[in-house]
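Return atomic coordinates for the entry below.
(one chain, ligands or ions: 1)
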Amino acid sequence: MLIKNQIYEAEIVDYTTEGQGIAKVEGCTVFVPNAIVGEKVRLRIEKAAKTWAAGKIVELLERSPHRVNRECPVAKLCGGCDFWHMDYEEETRLKADRVRQCLNRLAGENLQTLPILSAPTCLAYRNKAQYPVSVKKGKAYAGFFKAGTHDVIENERCLILPPESDAVKQLVIDYVNQFHVMPYNEKEHKGLLRHIYVRRGAVSGQILVCLVLNGRRIPKPEVLIERLKKVQGFTTLVISVNTKVGNSILGDEFITLYGPGYIEDTLCGLTFRLSPRSFYQVNHHQAQRLYEAAITRTGITKDDTVLDLYCGVGTITLAMAKAAGRVIGVEVIEQAVEDARDNAKRNGIENAEFFCGDAGQAALELEKQGVKADVVVVDPPRKGLNADTIEALARFAARRIVYVSCDPATLARDVALLKERGYVLSDALAVDLFPRCAHVETVILLSRKDVYERIKFDVNVEDLQGRASSTATYSEIKAYILEKYGLKVSSLYIAQIKDKCGFEKRDNYNIGEGKSKELICPPEKEQAIMDAFRHFGMIRD
Ligand code: SAH
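Prediction:
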């Protein structure tokens, strides 16, 4: 165990998911903020446990060529960003590598490299800001939380936000101070103004301002509205009522004080209506590239029915609609579903339907109702897919699943589960939507193994091998099992069980880049296949 407050020399060898450096000292893993791989440092141990410790750099012995001077003056304190101390090249390298490592470690892949789409700029890209409000020496101010705390760090100009956003923040703060609006105090659950929320359409330039209140009313709203009108693009002012204790920013009730209560923006050639609660990617340029990458990977045609689970306001769903026969979006937030339906209408899209509900439950219900999904797109929040969604995906057995993820670890966990259910990972691409911040998006293509395999397989086995006198063809075995058990079995499974029973190993089921072995026939299908073998006189009890 390392000793607290003692100084050690160490080399930074890797990064954590939050972008901190990792060093190994005397067999112990030390987490070091603001460090870059390859750097040799002297660090002070600030916290020491048995197998890990937290350290702080006290001296840089060998500086990484990727180290840069921080452009943001509050970067060291503010918990909003993670990477102002390194260049963008190193940031994107580490992000792509994190996705690669997750897929290798948690999903049994063996990827040597993984591509990443870098952003063209790290500045002013974020079209949504949520400033917590606090008070210092009797004056209200707004900023961002210090890392790991709820202390608000003041920042006049946040470099990743558009200047209009900071202008709105300052205007609201001046108004708050003039009319003695009390900033909310979390510890005492007192005060009125909790957050200032600003969303700006990257293309439209329209601005939605939402004040999150521990209450319902603000004094002199007309004065605030008149002042906000001076900010170019200001379109609407909304109050979000959040009187609950806790960390959720927005409440459930919204009161529109000015304008329509939503803004519009253009994405992938379509117009979208955006309410305060609707999810909308914060980096417009990179979101478009992410969606294009996802849609390209679906390989959809006009004959296909496509399911878009976790669809938000229908961005991906509607962007796919033109190329598909029918698109169905599922989303849990009612307001987002309303937006999605409205978005379909305003873009003249008629082959899109939206359902409100939990993705997994809704998908199971759709499957029960006989909906056949040729392709499924999933874009869940950080926690990834739930058990129902995995189950629904297994039942749909879509030709392709395109998984858009904001958390490589839960993505890799889900990829492993989907591989057990007959899919192979065909493609992975990281996309950087959050320059200077540790988050990274990924698009994964999963193809159904038995479809992919069967084409090769049936040619290999049935055409080349022909039919031995006492053997049934794969098709006969499949038909028998489908009729008797209602189960679909793949050629791969049949070949596996043949192998188990000691049949001649002419059926080479290891085609397909040597990945086929990973797919193991489930016991119920094994029993059905064995029964078919008995039925066709291929084996005896
Ligand atoms: N694909 C959309 C939204 C992705 S964000 C886009 O790119 O714009 C994830 C979405 O999943 C959010 O809109 C969130 O409200 C929704 N969501 C979260 N949990 C869900 C659940 N259990 N079922 C369905 N949707 C859910």
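
Which parts of the stretch 351-500 of the chain are strands?
Here the stretch 351-500 of the chain has its strands, by DSSP state E, counting those that start in this stretch, at 352-356, 375-378, 400-405, 423-431, 441-448.

Now render those strands as a markdown table, adding distance to the ligand, mean pLDDT and mean neighbour count.
For glycine as for every other residue, the C-beta is placed from the backbone atoms N, C-alpha and C. Output for these, formatted as a markdown table (distance: least, C-beta to the nearest ligand atom, whole Å; pLDDT from 0 to 100; neighbours: other C-beta atoms under 10 Å):
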| stretch | distance to the ligand | mean pLDDT | mean neighbour count |
| --- | --- | --- | --- |
| strand 352-356 | 9 | 98 | 20 |
| strand 375-378 | 8 | 98 | 26 |
| strand 400-405 | 7 | 98 | 26 |
| strand 423-431 | 12 | 96 | 22 |
| strand 441-448 | 9 | 96 | 24 |
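
export the ones you listed to a markdown table and tack on distance to residue 232?
Output for those, formatted as a markdown table (distance: least, C-beta to C-beta, whole Å):
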| stretch | distance to residue 232 |
| --- | --- |
| strand 352-356 | 33 |
| strand 375-378 | 36 |
| strand 400-405 | 33 |
| strand 423-431 | 30 |
| strand 441-448 | 30 |
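
and of those strands, who's closest to residue 195?
strand 441-448 (24.5 Å; C-beta to C-beta).

now the angle from that closest one to strand 423-431?
Relative orientation of strand 441-448 versus strand 423-431 (axes from the mean of the first three to the mean of the last three C-alpha atoms, to 10 degrees): 160 degrees.

tell me what strand 441-448 is packed against?
Judged by 3 or more C-beta pairs under 8 Å, 6 or more residues apart in numbering; DSSP states H and E, strand 441-448 is in contact with helix 284-298, strand 400-405, helix 408-420, strand 423-431.

so what strands line up beside it?
Next to strand 441-448 in the sheet, as set by DSSP bridges, lie strand 400-405 (antiparallel), strand 423-431 (antiparallel).

Could I get the buried residue list for stretch 195-208?
195-202, 204, 206-208 (16 or more other C-beta atoms under 10 Å).

what residues are up against the closest residue to the ligand within the stretch 301-450 of the chain?
Using C-beta to the nearest ligand atom, the closest approach of the stretch 301-450 of the chain to the ligand is made by residue 312 at 2.8 Å. Taking C-beta atoms under 8 Å, 6 or more residues apart in numbering, we find residue 312 in contact with 278-280, 331, 336, 340, 379.

switch to 10 Å and redo it
Going by C-beta atoms under 10 Å, 6 or more residues apart in numbering, residue 312 touches 272, 274, 278-281, 329, 331-333, 336-337, 339-340, 343, 379.

How about residue 271?
Contacts for residue 271 were tallied using C-beta under 10 Å, 6+ apart; they are 201, 203-204, 264-265, 318, 343, 346-347.

looking at this, it is in a helix?
No: going by DSSP: H, G, I helix; E, B strand; the rest coil, the assignment for residue 271 is strand, not a helix.

who in the chain is up against the ligand?
Proximity of the chain to the ligand, by C-beta under 6 Å from any ligand atom, involves residues 279-281, 310-312, 315-316, 330-333, 336, 358-359, 379-381.

quick one: the helices in the stretch 201-350 of the chain?
221-228, 284-298, 315-321, 334-346 (DSSP state H, counting those that start in this stretch).

Reformat these into TSV and put mean pLDDT, mean neighbour count and distance to residue 115 next to each item.
Formatted as TSV, the helices of the stretch 201-350 of the chain follow (pLDDT from 0 to 100; neighbours: other C-beta atoms under 10 Å; distance: least, C-beta to C-beta, whole Å):
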stretch	mean pLDDT	mean neighbour count	distance to residue 115
helix 221-228	98	16	43
helix 284-298	96	20	10
helix 315-321	97	26	20
helix 334-346	94	20	31
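
Any chance of JSON lines for the ones you listed, columns distance to residue 388?
Below are the helices of the stretch 201-350 of the chain laid out as JSON lines (distance: least, C-beta to C-beta, whole Å):
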{"stretch": "helix 221-228", "distance to residue 388": "43"}
{"stretch": "helix 284-298", "distance to residue 388": "22"}
{"stretch": "helix 315-321", "distance to residue 388": "20"}
{"stretch": "helix 334-346", "distance to residue 388": "18"}
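
and of these, who's closest to residue 96?
Nearest of those (C-beta to C-beta): helix 284-298, 13.9 Å.

Show me what that closest one is packed against.
Packing partners of helix 284-298 (3 or more C-beta pairs under 10 Å, 6 or more residues apart in numbering; DSSP states H and E): strand 116-117, strand 263-267, strand 305-309, helix 315-321, strand 375-378, strand 400-405, strand 423-431, strand 441-448.

Can you name the next helix or strand after the shortest one?
Where DSSP states H and E defines the elements, the next helix or strand beyond strand 116-117 is strand 128-136.

So what's the model's average confidence on that following strand?
Strand 128-136 shows a mean pLDDT of 96.

what are the pairing partners of that strand, and which direction each?
Strand pairing for strand 128-136, using DSSP bridges, gives strand 139-145 (antiparallel), strand 193-200 (antiparallel).

Find the centremost residue of the protein, please.
residue 406 (2.3 Å; C-alpha atoms, centre = their mean).

Touching, that one and residue 378? I think so.
No: with contact defined as C-beta atoms under 10 Å, residue 406 does not reach residue 378; the gap is 11.8 Å.

can you list residues touching both of the two?
Common neighbours of residue 406 and residue 378, counting by C-beta under 10 Å, 6+ apart, are residue 384.

Please parse this protein into its domains.
7-67, 128-267, 283-452, 456-535 (automatic domain parsing).
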